[in-house]
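Undergrad: I need the structure of the sequence given here:
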Amino acid sequence: MRVATAFFVQATVSEGRQRAFRWSVANHLALLAVCAWIVCRFPRVGDLITGCVLLTAGIAEGAMLLGWRLTQLPKSQALEFLLVSPMRPSGVFLAEAAVGLCRLALVTLSGLPVLTLFAVAGYIQYVDLVPFLVMPFTWGALTGLALTIWAYEPTSVRRWAERLLLLLTIVYLLVGVLAGEHLARWLGWLPGDLGQYFILSVHAFHRYNPFAVIGYWVTEDWWIAWQRVLGVEIAALLVVLALLARTAWRLRGHFHERHYMPAVLEQGRKRKSPGDHPLSWWALKRVTQYSGRVNLWLAGGFGVLYALYIMAGASWPAWLGRSVFQLFDGAGGVPMLTTALVVLAAVPAAYQYGLWDSNAQDRCRRLELLLLTQLQGVDYWRAASIAAWRRGRGYFLIAGILWFAAALSGKLTVTQALGGVAAGIILWGLYFALGFWAFSRGVQANKLGLGLTVGLPGLTFFLAKTGWLAVGGLLPPGTVYYAAGASDAANWALGPRMRGLLTWGIARSALGSCEAE
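TA: Have a look, this model is predicted:
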């Protein structure tokens with residue numbers, strides 16, 4: 001017990017972890033302030049939006065406070081001292097996980113006073129405080145541990161898991177998008193009761209996922225909905241316990257695989273040569289270790305289907321679903337979806353700090369590479385840009401397909417489509433320049449990345465809903481949206497021009513000082 005307490009003491013005195021904790025609390029309270037504005041303006045749906053926002057925030061906070069810390073833990077060879085101490089490796093992991101869970105619980109509880117004010121004002125019921133606090137914590141913990149187990153598993157396990165997820169993605173696209181409202185007719189072709197079982201499984205997924213459960217809670221009386229909430233929470237807690245047990249058991253093996261086992265190429269493939277740019281080769285090798293292909297498959301599959309639907313127009317077959325596509329048309333259509341894809345493509349450009357070593361000590365160890373070669377600051381720029389583009393180019397390609405389909409079908413003019421492409425390129429360049437500027441100065445880019453990839457899109461949406469369209473159009477996500485969504489794309493050319501000049505200035509400053517920094 002005394003050894004486990006030392007982990008909590010270390011988390012308390014660590015300045016970096018305390019800054020991250022305070023930043024998470026501030027963001028959580030800021031989201032609740034936005035929820036307060038929503039419930040005051042839209043009281044009928046304010047409680048539902050508040051519940052979904054809190055659940056989304058809990059998932060993101062679990063990934064950052066718990067998942068990020070646990071996945072970074074085996075990267076440091078200093079962990080070896082703990083692994084050979086009297087404390088067992090599983091005890092080391094469980095103690096570190098307990099610290100992360102407590103930090104997540106404190107961030108979740110920081111919203112209790114605001115939620116209590118909501119209940120006093122009559123916007124929510126007092127009993128709503130239970131799911132609004134418990135469910136974000138539970139699913140945040142599940143998300144953080146799921147990311148951890150994905151990082152800890154051997155490469156062969158991750159490869160088979162990716163194949164399974166690819167199969168599930170195909171099934172989802174067929175069932176939820178192509179079949180859509182005609183799912184019952186499609187399943188009628190299956191033999192026996194197989195179609196009925198499939199329909200029941202689909203209904204169960206849509207009924208018992210956490211967002212549907214919290215929506216059922218706020219739309220129904222609590223004495224009717226509590227059984228569903230309790231059942232889902234018990235299932236989630238069981239999954240959390242299973243993930244804790246598996247990750248605690250895998251800590252030592254993952255540490256040994258990472259630091260002591262040689263990387264072997266399978267099937268007789270030849271290893272690519274570093275060529276004249278060894279740093280770029282190393283950066284690409286590092287980012288492809290966890291490539292995130294599952295998200296790209298999902299976005300790419302839906303993007304291609306949506307592009308086909310746009311080009312088909314009235315010729316879209318009657319036996320294929322339309323409801324999902326019509327939902328996206330009502331939410332903003334191609335301009336909205338392409339803006340989201342461009343922001344996703346720019347995420348690796350903004351979060352460059354994770355590309356390199358996570359602390360100053362490890363970065364200084366790599367100075368040996370600089371002493372033995374003629375690497376310069378521009379080599380780091382080239383390596384970071386190649387790695388960031390490698391991770392984000394798929395999303396940009398999907399956005400390009402949608403722009404092309406919209407221009408070909410007449411939903412957008414050629415000027416609007418080209419304006420969206422130009423604004424997207426400038427957004428990516430600006431995010432990369434800011435990310436490299438932060439990296440060259442050794443600044444933790446988590447706050448910067450969150451502000452660019454979450455804060456600015458949220459602010460743009462807020463300004464659009466409150467009527468400040470001109471101001472929202474000057475922000476990077478607003479520029480991409482309005483360049484393709486405005487009736488005259490030339491009216492929004494001021495934003496890209498300003499952004500281009502700003503990108504050029506930041507890039508020049510970062511390149512000029514990165515070697516000294």
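Undergrad: packing partners for whichever strand or helix holds residue 224?
TA: Following DSSP states H and E, one finds residue 224 within helix 222-259. If you count contacts as 3 or more Cβ pairs under 8 Å, 6 or more residues apart in numbering; DSSP states H and E, helix 222-259 packs onto helix 79-83, helix 89-109, helix 129-152, helix 194-208, helix 210-219. All C-beta spots, glycine's among them, are computed from the backbone N, C-alpha and C.
Undergrad: could the ones you listed be laid out in TSV, adding distance to residue 471, mean pLDDT and mean neighbour count?
TA: Converted to TSV, the helices and strands packed on helix 222-259 look like this (distance: least, Cβ to Cβ, whole Å; pLDDT from 0 to 100; neighbours: other Cβ atoms under 10 Å):
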stretch	distance to residue 471	mean pLDDT	mean neighbour count
helix 79-83	48	72	15
helix 89-109	31	90	20
helix 129-152	31	92	22
helix 194-208	38	76	13
helix 210-219	31	88	19
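Undergrad: okay if I get these as CSV plus distance to residue 167?
TA: Listed next are these as CSV, based on distance: least, Cβ to Cβ, whole Å:
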stretch, distance to residue 167
helix 79-83, 35
helix 89-109, 31
helix 129-152, 17
helix 194-208, 15
helix 210-219, 23
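Undergrad: list the buried residues for stretch 397-416?
TA: Applying a neighbour-count criterion of 16 or more other Cβ atoms under 10 Å, the buried positions in stretch 397-416 are 398-407, 411-412, 416.
Undergrad: now the helix or strand hosting residue 168: mean pLDDT?
TA: Using DSSP H and E, the element containing residue 168 is helix 155-172. Averaging the model's pLDDT scores along helix 155-172 yields 83.
Undergrad: residue 433: what's it in contact with?
TA: 503, 506, 507, 510 (Cβ atoms under 8 Å, 6 or more residues apart in numbering).
Undergrad: the last one: neighbour count?
TA: Using other Cβ atoms under 10 Å, residue 510 has 23 other residues around it.
Undergrad: thinking it is in contact with residue 437, fair?
TA: Yes: under the criterion of Cβ atoms under 8 Å, residue 510 lies in contact with residue 437, with a separation of 4.1 Å.
Undergrad: tell me the two of the contacts of residue 433 that are most distant?
TA: The widest separation within these, taken as Cβ to Cβ, falls between 503 and 510 and amounts to 10.5 Å.
Undergrad: the helices and strands packed on helix 222-259: which one's closest to residue 46?
TA: For the helices and strands packed on helix 222-259, the distance to residue 46 is smallest for helix 210-219, at 9.5 Å, taking Cβ to Cβ.
Undergrad: okay, the closest one in CSV with CA atoms only?
TA: Listed in CSV are the C-alpha atoms of helix 210-219, where the atom choice follows Å, rounded to 0.1, in the frame of the first residue of the first chain:
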residue,chain,number,x,y,z
PRO,A,210,-24.2,4.7,-24.4
PHE,A,211,-25.5,7.7,-26.4
ALA,A,212,-28.8,5.9,-27.1
VAL,A,213,-29.1,4.9,-23.4
ILE,A,214,-28.5,8.5,-22.1
GLY,A,215,-31.0,9.7,-24.7
TYR,A,216,-33.5,7.2,-23.5
TRP,A,217,-32.9,8.4,-19.9
VAL,A,218,-33.7,12.0,-20.7
THR,A,219,-36.7,11.3,-22.9
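Undergrad: ramachandran coordinates for residue 351?
TA: Dihedral angles phi and psi of residue 351 (degrees, to the nearest 10) take the values phi -100, psi 60.
Undergrad: could you measure from it over to residue 431?
TA: 9 Å (Cβ to Cβ, to the nearest Å).
Undergrad: who's more crowded, the two?
TA: Between residue 351 and residue 431, counting by other Cβ under 10 Å, residue 431 is the more crowded of the two (29 against 22).
Undergrad: what about the closest residue to residue 453 other than its chain neighbours, which helix or strand?
TA: Nearest non-adjacent residue to residue 453, counting by Cβ to Cβ, 6 or more residues apart in numbering: residue 347, 5.2 Å away. Assessed by DSSP H and E, residue 347 sits inside helix 333-350.
Undergrad: how about residue 426?
TA: When elements are defined using DSSP H and E, residue 426 is found to belong to helix 414-440.
Undergrad: for the helix or strand that comes right after that helix, give the mean pLDDT please.
TA: Beyond helix 414-440 in the direction of the C-terminus, DSSP H and E gives the next helix or strand as helix 446-450. Helix 446-450 comes out with an average pLDDT of 72.
Undergrad: I'd like to know which elements the helix or strand following helix 446-450 is packed against.
TA: Sequence order places helix 456-465 as the next helix or strand after helix 446-450, per DSSP H and E. Using 3+ Cβ pairs under 8 Å, 6+ apart, the elements in contact with helix 456-465 are helix 333-350, helix 469-474, helix 476-485.
Undergrad: quick one: helix 456-465 to helix 476-485, angle?
TA: With axes from the mean of the first three to the mean of the last three Cα atoms, to 10 degrees as the criterion, the two stretches helix 456-465 and helix 476-485 enclose an angle of 60 degrees.
Undergrad: relative orientation of helix 456-465 and helix 414-440 in degrees?
TA: Going by the same axes, to 10 degrees, helix 456-465 makes 140 degrees with helix 414-440.
Undergrad: mind listing what the spatially most central residue of the chain touches?
TA: Nearest to the centroid of the C-alpha atoms of the chain, with distances taken as Cα atoms, centre = their mean, sits residue 60, at 7.7 Å. The contact partners of residue 60, taken as Cβ under 8 Å, 6+ apart, are residue 140.
Undergrad: got the domain ranges for the protein?
TA: With domains defined by automatic domain parsing, the chain comprises 1-260, 275-517.
Undergrad: what about residue 513, distance to residue 502?
TA: Residue 513 sits 17 Å away from residue 502, taking Cβ to Cβ as the criterion.
Undergrad: done for today, thanks.
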